[in-house]
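*Asks:* Quick one: sequence and predicted model below, then my questions.
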Amino acid sequence: MIIGWLIVGLIVITILLGLVSVNQGTVAIVTMFGKYRRVLRPGLNFKIPYLESIYKRISIQNKSVELEFQAVTLDQANVYFKAMLLFAVFDEEEGTIKNVAFKFVSEGNLMTALVRTIEGTIRGFVASKRQAEILSLRKEITEYVKNEVDQYLEGWGYHLIDLQINDMSFDQAVMDSMSKVVASNNMKAAAENEGQALLITKTKAAEAEGNAIKIAAEAEREAAQLRGQGVALFREEVARGMTNAAKELQLANLDTNVIMFSMWTEAIKHFAETGTGNTIFLDGSTDGMNRSMQQIMSVLKENGKK
């Protein structure tokens, strides 16, 4: 009876020893006598007690690691990188899990190889570029590294999900020189913009002045034309009035010289009334009046011919 209970207890203990619980997000590698046997998936599993053993538990979740390293450009400038690497097991296939489990002795060896591979790839890319190009090639560096490193990682059973280059910097002397270059370029652009603005201002001012001169000249031309037309009309009216007066004097059998005498006396009267201090010398003799009358008559005859 006791032996029976011992046998039952031994069987229960053996069954319990064969039960294996695998957490979600991980798989377990089972070996027998040191040789790979199979993969246990998440959940409750059973292994052969005393014969099979758990060699390693492998996480299939995403893993991240931060990198800080230095590279040298083609023109011998030091570039300092800070990056974040995100990777995971390629898939849950048996062949992939075997690679992850047996390619490296420990996870520390894997991380060392992974980090050094990525650093070497970035250094090789940076060594082919000049300092001035590097800051604008952040995306190109990431894509280049992912394409190159994925080939190695796939053979190890891993896949590179993302590589983020968080910071790229140079030596302080290089950074200072870059700042001076940027400042000088900004000053140059500002000077060019200011010059363009001044040119536009001067051009518009010159155009406005030219238009003003043109408008003033046009107005003066029209005014002069109007003044000339006014003088001509005045002369025509004077001639027409004198002609009519002469005809009326002839019809009345009067001497037309009366008109000239009247104009002469009216002119002298006007000079005397509207003069403001200027001195006018007139020959008041009979000969002087005759000469003035003859001059007036000659002007009237010329206007009459016209």
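*Replies:* Nice, I can see it.

*Asks:* Quick check: which element contains the residue positioned nearest the centre of the chain?
*Replies:* Centroid-nearest residue in the chain: Ala189, 12.3 Å away (criterion: Cα atoms, centre = their mean). Following DSSP states H and E, one finds Ala189 within helix 172-251.

*Asks:* quick check, distance from that helix to the centre of its chain.
*Replies:* The chain centre lies 38 Å from the centre of helix 172-251; the measure is Cα atoms, centre = their mean, to the nearest Å.

*Asks:* That one packs against which elements?
*Replies:* Packing contacts for helix 172-251, counted by 3 or more Cβ pairs under 8 Å, 6 or more residues apart in numbering; DSSP states H and E, involve helix 257-274, helix 286-305. For every residue, glycine as well, the C-beta is placed using N, CA and C.

*Asks:* least reliable of these going by mean pLDDT?
*Replies:* Confidence, taken as mean pLDDT, is least for helix 286-305 of the helices and strands packed on helix 172-251 (a mean of 64).

*Asks:* and the residue lying closest to Ser53 once chain neighbours are set aside, how many residues sit next to it?
*Replies:* With Cβ to Cβ, 6 or more residues apart in numbering as the criterion, Ser53 has its nearest non-adjacent residue at 6.0 Å, and that residue is Thr31. Other residues lying near Thr31 total 16 when counted by other Cβ atoms under 10 Å.

*Asks:* While we're on the residue nearest to the centre of the chain, how confident is the model there?
*Replies:* With respect to pLDDT, Ala189 has a value of 80.

*Asks:* for the one 3 residues further on, same thing?
*Replies:* For Glu192, the model assigns a pLDDT of 82.

*Asks:* Can you list the buried residues in stretch 68-80?
*Replies:* For stretch 68-80, the neighbour count (16 or more other Cβ atoms under 10 Å) marks Phe69, Ala71, Thr73, Ala77, Val79 as buried.

*Asks:* ok, now stretch 105-113?
*Replies:* Buried-residue list, stretch 105-113, by 16+ other Cβ under 10 Å: Leu110.

*Asks:* Same question for stretch 196-204.
*Replies:* For stretch 196-204, it's none, nothing buried (16+ other Cβ under 10 Å).

*Asks:* Give me the mean pLDDT for it.
*Replies:* Mean predicted confidence for stretch 196-204 is 83.

*Asks:* Then stretch 130-149?
*Replies:* The average pLDDT within stretch 130-149 is 84.

*Asks:* Give me the contacts around that stretch.
*Replies:* Here stretch 130-149 makes contact (Cβ atoms under 8 Å, 6 or more residues apart in numbering) with 73-75, 77, 79, 117-118, 121-122, 125-126, 129, 160, 163-165, 168, 170, 174.

*Asks:* Give me the subset of these lying in strands.
*Replies:* Those of the contacts of stretch 130-149 mapping onto strands are Val79, Leu160, Leu163, Gln164, Ile165, Met168, Phe170, per DSSP state E.

*Asks:* Buried subset of those residues, written for PyMOL?
*Replies:* Provided next is the PyMOL selection string for whichever of the ones in strands among the contacts of stretch 130-149 are buried by 16+ other Cβ under 10 Å:
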select buried, resi 79+160+163+165+168+170
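
*Asks:* Of the ones in strands among the contacts of stretch 130-149, just say which sits nearest to Leu110.
*Replies:* The nearest member of the ones in strands among the contacts of stretch 130-149 to Leu110, counting by Cβ to Cβ, is Leu160 at 13.1 Å.
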